[in-house]
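J.: Return atomic coordinates for the entry below.
(2 chains)
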Amino acid sequence: MKRTALFFILFAVGIYLLPLLLKGSYWMHILVIIGIYIIGAIGVDLVVGFAGQISLCQASFFGIGAYISAILSNTYGFPPVLALLIGVVATSAIALGLGLPVLRLRGYYLAIATLGFGLIVQSIFVTLQDITKGPDGFRNVVPLSIGGYVFREVTEYYYLVWTISIFILLLTRNVVSSRVGRALLALRGDDVAASSVGIDITKYKTQAFVLSAAYASLAGSLYAHYNRFISPQVADLSNSITMIIMAVLGGIRTVYGVIIGAAIMKSIPELLESILDYQMIITGIILVVLLLYMPQGLLGTAGSIIAWARRRRAG
Amino acid sequence: MILTVDGLTKTFEGVTAATDVSFGVAQHSITALIGPNGAGKTTIFNMISGLLKPTAGTMRFKGEPLNALKPHERASLGLARTFQIIRPFAEMTVLENVMVGYHRLMKTGLFSAALRLSVTRRDEANARRRAMEELDFIGLTRRAGQPSGNLPMGEQRMLEIARALVSDPTLVLFDEPAAGLNQTETNTLVQTLFKVKERGITILLVEHDMSMVMQVSDRIIVINRGQKLAEGTPDEVRNNCLVIEAYLGKETC
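T.: Sure thing, here's the model as predicted:
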């Protein structure tokens, strides 16, 4: 536990020093995107990893956050931070309305409900052209500003986004190592046994789902203001699946694993840019190989190796 | 009577598993529900803990009607249970498993957990302390940090009992606690049941191991074909000709 904290502090220091090395580089942009996706992927780790519920609409919540931010700040002149917060609250309410009826049931109904929801959301972004600007996407989204300070440089977004994602990582770490996290792990393991110790399984599943949607919405808003362009593509099923892969690849239920997962998923395409034609194939092969040989993900496998080494030393 | 069951009936698509069963469980007692295989004992248990909805009949716990309450709400009243098929949370350590049992006595919510407010820190400290006390009570202290999936059967059963006891329940339902245990483990279990009773906790158990039931029970209720056949002290039940008939199939009455 203490060692994890030390690693995390070193990691955070590294993150804050990194711009000194990479200043002006295209990698700064990639790192901002990685920071944003970490926030969305932590939500997946909560719902899929801890609560054991399959959710396939994380990108839809990401998209709702992004579009609410863009529409409120551009069309209606809201301050971007207020637009972002309204987005988070509205997305949480939508997630509650979607999750509550389905999460009462046992089984994988959430997967089906979220799949359908994802299709509806994306088609709304495409169809409501007057509001969302349709399939071509929303251009020139207002940049983020706090008070009178406007964020323009990549470096500024880098510090903002990574501060938020480190904060979210810590919050989530606290949640999963508390009564709430134990309740989620218990209901995932055995919902009958969990309810017999007094755990309200519907309540905890719903809380995890709503919190995860709030994270996705926050990530989507940051993305919209940073990238300044969004299209219905952000809410695509493939983007939801990308976030699931980030959580699984890094190590499901490790929380910090999503850092590795997001970093890999967002840098592979950049590293393979010169062989664009084979990019998808190579990405696919890397994923299959990693998951075949490391089903616990990278951080999960590292944890197992450390535990094994410790047992060897002890015994 | 801490628990009263009145006219409890359960029908599964035409098949009756329990018919008009009524009994009471006295405070600080050990009461056993026995009967041949398929008699309906576990069905009655599951109705009391809320996993099954009765077709008819009422249940009261500490005077409060239970019928409309969900399983977790019944647990929150101090009605704990263990399972015949052991159900530890395999991915958690032994200590964490017991800490889960402390759930109902904690106040931490999503918000206080995320910010690790003082209420959360206090909850965690209390849960850990109480869980360690229960591990000590059942003799599993040395296993605290181990993954619960690795424990031998007898210790997993003890772990489940600790998980049920950690929240200071009023009544614990034990569903065949001796199932799958060897003689040594059963002896430990019997001692544990007596120690639980000494703590002032009421016990209702379903059990097949007849010598164990006769040894620990204050009162025995015999169920046969979904109906109550007899009720009394171990001696009364042992000598009841209806019970002998049900178990041995001889006509003696």
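
J.: near chain B at all, the strand or helix carrying A:A302?
T.: Secondary structure assignment for A:A302, by DSSP states H and E: helix A:297-314. No: using Cβ under 8 Å from any Cβ of the partner chain, helix A:297-314 never reaches chain B; the gap is at least 9.9 Å. No exception for glycine: its C-beta is placed from N, CA and C like everyone else's.

J.: Distance from the chain centre to that helix, please.
T.: 26 Å (Cα atoms, centre = their mean, to the nearest Å).

J.: and what of stretch A:113-130?
T.: For stretch A:113-130, the distance to the chain centre is 20 Å (Cα atoms, centre = their mean).

J.: repeat for stretch A:10-28
T.: With Cα atoms, centre = their mean, you get 21 Å for stretch A:10-28.

J.: And for it, what's in contact with it?
T.: If you take Cβ atoms under 8 Å, 6 or more residues apart in numbering or on different chains as the criterion, stretch A:10-28 is touched by A:31, A:154-155, A:158-159, A:162, A:166, A:259, A:270.

J.: Secondary structure of A:G107: a helix, I assume?
T.: No: per DSSP: H, G, I helix; E, B strand; the rest coil, A:G107 lies outside any helix segment and is coil.

J.: quick one, phi psi at it?
T.: phi 100, psi -170 (degrees, to the nearest 10).

J.: So it versus B:H72, what's the distance?
T.: 19 Å (Cβ to Cβ, to the nearest Å).

J.: where does chain B have low pLDDT?
T.: B:252 (pLDDT under 70).

J.: ok, B:I203 - how many residues close by?
T.: 22 (other Cβ atoms under 10 Å in any protein chain shown).

J.: SS state for it?
T.: strand.

J.: Spell out the residue ranges of the strands in chain A.
T.: A:145-146, A:149-150 (DSSP state E).

J.: Give me whichever of those strands is most buried.
T.: Burial of those is given as mean neighbour count (mean count of other Cβ atoms under 10 Å in any protein chain shown); strand A:145-146 ranks first at a mean of 13.

J.: Rounded mean pLDDT for it, please.
T.: Averaged over strand A:145-146, pLDDT sits at 92.

J.: what do you get for stretch A:60-68?
T.: 98.

J.: Tell me which residues touch A:I201, please.
T.: So A:I201 contacts A:187, A:191, A:194-195, B:72 (Cβ under 8 Å, 6+ apart).

J.: would a markdown table of those with neighbour count and distance to A:G251 be doable?
T.: Converted to a markdown table, the contacts of A:I201 look like this (neighbours: other Cβ atoms under 10 Å in any protein chain shown; distance: Cβ to Cβ, whole Å):
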| residue | neighbour count | distance to A:G251 |
| --- | --- | --- |
| A:L187 | 27 | 21 |
| A:D191 | 17 | 24 |
| A:A194 | 27 | 23 |
| A:S195 | 23 | 28 |
| B:H72 | 20 | 30 |
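
J.: May I ask which of these comes out lowest in pLDDT?
T.: A:D191 (91).

J.: I figured it hits A:L105, correct?
T.: No: if you go by Cβ atoms under 8 Å, A:D191 and A:L105 don't touch, sitting 11.1 Å apart.

J.: ok, which stretches of chain A are helices?
T.: Counting by DSSP state H, the segments of chain A that form helices are A:2-22, A:26-44, A:58-70, A:80-103, A:109-127, A:129-132, A:154-176, A:179-189, A:191-196, A:201-227, A:237-251, A:257-271, A:279-293, A:297-314.

J.: And the second one, what's buried?
T.: Of all the residues in helix A:26-44, those buried under the rule 16 or more other Cβ atoms under 10 Å in any protein chain shown are A:27-44.

J.: and that helix, how far from the chain's centre?
T.: For helix A:26-44, the distance to the chain centre is 8 Å (Cα atoms, centre = their mean).

J.: Chain neighbours aside, what residue packs nearest to the residue in the stretch 151-253 of chain B that chain A sits nearest to?
T.: Nearest to chain A in the stretch 151-253 of chain B, going by Cβ to the nearest Cβ, is B:R163, at a distance of 6.5 Å. In this structure, B:R163 finds its nearest non-sequential neighbour in B:G101, 3.7 Å apart by Cβ to Cβ, 6 or more residues apart in numbering or on different chains.

J.: who in chain A is up against chain B?
T.: Residues of chain A lying near chain B (Cβ under 8 Å from any Cβ): A:171-172, A:174-175, A:178-183, A:185-186, A:189-190, A:192-201, A:207, A:211.

J.: Name only those of those residues that count as buried.
T.: Buried among the residues of chain A next to chain B (16+ other Cβ under 10 Å): A:171-172, A:174-175, A:178-183, A:185-186, A:189, A:192-201, A:207, A:211.

J.: returning to that earlier point: out of the strands of chain A, which is closest to A:G134?
T.: strand A:145-146 (26.7 Å; Cβ to Cβ).

J.: Now do the closest one: everything it contacts.
T.: In contact with strand A:145-146 (Cβ under 8 Å, 6+ apart) are residues A:79-81, A:151.

J.: which of those are buried?
T.: Using 16+ other Cβ under 10 Å, the buried ones in the contacts of strand A:145-146 are A:80-81, A:151.

J.: any idea which of those residues is closest to A:C57?
T.: Out of the buried ones among the contacts of strand A:145-146, the member with the shortest distance to A:C57 (by Cβ to Cβ) is A:P80, at 24.4 Å.

J.: could you measure the closest one against A:H225, distance?
T.: Taking Cβ to Cβ, one finds A:P80 at 5 Å from A:H225.

J.: before we move on, the earlier item: dump the contacts of strand A:145-146 to a markdown table, plus pLDDT.
T.: What follows is the contacts of strand A:145-146, written out as a markdown table (pLDDT from 0 to 100):
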| residue | pLDDT |
| --- | --- |
| A:P79 | 96 |
| A:P80 | 97 |
| A:V81 | 97 |
| A:F151 | 96 |
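
J.: what's the most distant pair in those?
T.: Checking the contacts of strand A:145-146 with Cβ to Cβ, the most distant pair is A:P79 and A:F151, at 12.6 Å.

J.: How many residues are close by A:R139?
T.: So A:R139, with other Cβ under 10 Å, has 12 neighbours.

J.: Just give the closest residue to it, not the sequence neighbours.
T.: The nearest residue in space to A:R139 (Cβ to Cβ, 6+ apart) is A:F229, at 5.5 Å.

J.: what about the one you found, neighbour count?
T.: So A:F229, with other Cβ under 10 Å, has 14 neighbours.

J.: B:K53 falls within a helix, correct?
T.: No: counting by three-state DSSP, B:K53 falls outside a helix, being coil.

J.: where exactly do the strands run in chain B?
T.: B:3-12, B:15-25, B:30-34, B:56-61, B:64-65, B:79-81, B:171-175, B:202-206, B:219-224, B:227-232.

J.: Parallel or antiparallel, which strands does the third one pair with?
T.: When you say that, I think you mean strand B:30-34. According to DSSP bridges, strand B:30-34 forms sheet pairs with strand B:202-206 (parallel), strand B:219-224 (parallel).

J.: which parts of stretch A:71-89 are buried?
T.: Buried, per 16+ other Cβ under 10 Å, within stretch A:71-89: A:71-74, A:78, A:80-81, A:83-88.

J.: same check, this time on stretch A:3-12
T.: A:F8.

J.: how far away is B:R87 from B:I34?
T.: With Cβ to Cβ as the criterion, B:R87 and B:I34 are 23 Å apart.

J.: More neighbours: the two, which one.
T.: For B:R87 versus B:I34, neighbours defined as other Cβ under 10 Å are more numerous around B:I34 (26 against 18).

J.: tell me the contacts of that one?
T.: B:41, B:206-208, B:210, B:213, B:220-223, B:237 are the contacts of B:I34 under Cβ under 8 Å, 6+ apart.

J.: Would you format those as a markdown table with neighbour count and distance to B:S167 included?
T.: Below are the contacts of B:I34 laid out as a markdown table (neighbours: other Cβ under 10 Å; distance: Cβ to Cβ, whole Å):
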| residue | neighbour count | distance to B:S167 |
| --- | --- | --- |
| B:K41 | 27 | 25 |
| B:V206 | 23 | 21 |
| B:E207 | 21 | 23 |
| B:H208 | 15 | 27 |
| B:M210 | 14 | 31 |
| B:V213 | 20 | 26 |
| B:I220 | 25 | 27 |
| B:I221 | 26 | 26 |
| B:V222 | 23 | 31 |
| B:I223 | 25 | 28 |
| B:V237 | 23 | 32 |
